[in-house]
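Asks: Compute the structure for the input listed below.
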Amino acid sequence: MISVPEAKLHLRLISSLDEAEDYTDEDTLIENLIKAAYRYAEEETRTTLERRTRTLVLDAFPSGKRALELPWTPVEAVESLEYIAPDGVEQSLDVEPLRLDTRPIYPLLAPQWGSEWPATTDEPECITISVTAGHEKLPGDIRAALLLLIGHLYENRESVVIGTISSEVPMGVAMLLAPHKIHAVG
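Replies: Numbering: from 1, shown residues only. Purely as a prediction, here's the structure:
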């Protein structure tokens with residue numbers, strides 16, 4: 001994740017990272033701008049940029065051995081899978097033998113070879129899957145796009161600018177995020 005000192009350096013509020021703790025006047029604003037930039041870039045690319053735990057709640061497993069699609073990319077690991085058995089007792093499924101296929105745009109999770117998903121109660125929200133999603137290290141072009149966006153948000157703190165002519169910087173944020181964008185169909 002882009003740190004506040006790194007953003008301050010990019011915004012030219014400091015001239016070296018050593019000065020970061022001397023200038024703290026706008027730390028809260030900069031933290032919020034970093035979060036906003038990440039949120040925008042994640043929405044624009046439809047990927048998870050910041051590494052974090054994500055949780056998926058389902059009403060049922062796919063039938064038999066069919067894989068289920070996880071709604072995030074990239075996914076590094078499945079942390080836990082809890083479900084409610086037909087007798088109403090919550091169970092933990094051992095995630096180690098599950099097959100996580102990260103080749104598709106959105107990863108697929110399937111039961112161990114030669115087995116099927118366990119039976120669950122016929123109730124909504126009976127399955128909870130937790131995964132670690134996001135980039136361990138951001139690609140350089142995404143990092144550059146985030147810094148450009150943070151700079152733009154810092155310099156333009158109002159939703160409307162009066163009395164100036166402005167235009168988007170060619171080869172800016174959109175170009176840098178384009179190779180990482182997952183296009184929606186339908």
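Asks: mind checking the end-to-end distance for stretch 120-134?
Replies: Across its full length, stretch 120-134 reaches 29 Å end to end, with Cα to Cα, to the nearest Å as the criterion.
Asks: Can you name the residues in contact with that stretch?
Replies: 48-61, 70, 72-88, 109 (Cβ atoms under 8 Å, 6 or more residues apart in numbering). The C-beta positions use only the backbone N, C-alpha and C, and glycine is treated the same way.
Asks: do the same with stretch 167-178
Replies: With contact meaning Cβ under 8 Å, 6+ apart, stretch 167-178 is reached by 41, 44-45, 141-142, 144-145, 148-149, 152.
Asks: and the gap between residue 44 and residue 179?
Replies: Residue 44 sits 12 Å away from residue 179, taking Cβ to Cβ, to the nearest Å as the criterion.
Asks: Could you export the lengthiest helix in the chain as CSV, CA atoms only?
Replies: Among the elements of the chain assigned as helix by DSSP state H, the one spanning the most residues is helix 27-45. What follows is helix 27-45, C-alpha atoms only, in CSV (Å, rounded to 0.1, in the frame of the first residue of the first chain):
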residue,chain,number,x,y,z
ASP,A,27,-1.9,13.4,7.4
THR,A,28,-5.6,12.6,7.8
LEU,A,29,-6.5,14.2,4.5
ILE,A,30,-3.6,12.3,2.8
GLU,A,31,-4.7,9.0,4.3
ASN,A,32,-8.2,9.6,3.0
LEU,A,33,-6.9,10.5,-0.4
ILE,A,34,-4.9,7.2,-0.5
LYS,A,35,-8.0,5.2,0.4
ALA,A,36,-10.1,7.0,-2.2
ALA,A,37,-7.5,6.4,-4.9
TYR,A,38,-7.3,2.7,-4.1
ARG,A,39,-11.1,2.5,-4.1
TYR,A,40,-11.4,4.2,-7.5
ALA,A,41,-8.6,2.0,-9.0
GLU,A,42,-10.2,-1.2,-7.6
GLU,A,43,-13.6,-0.2,-9.1
GLU,A,44,-12.0,0.8,-12.4
THR,A,45,-10.0,-2.4,-12.8
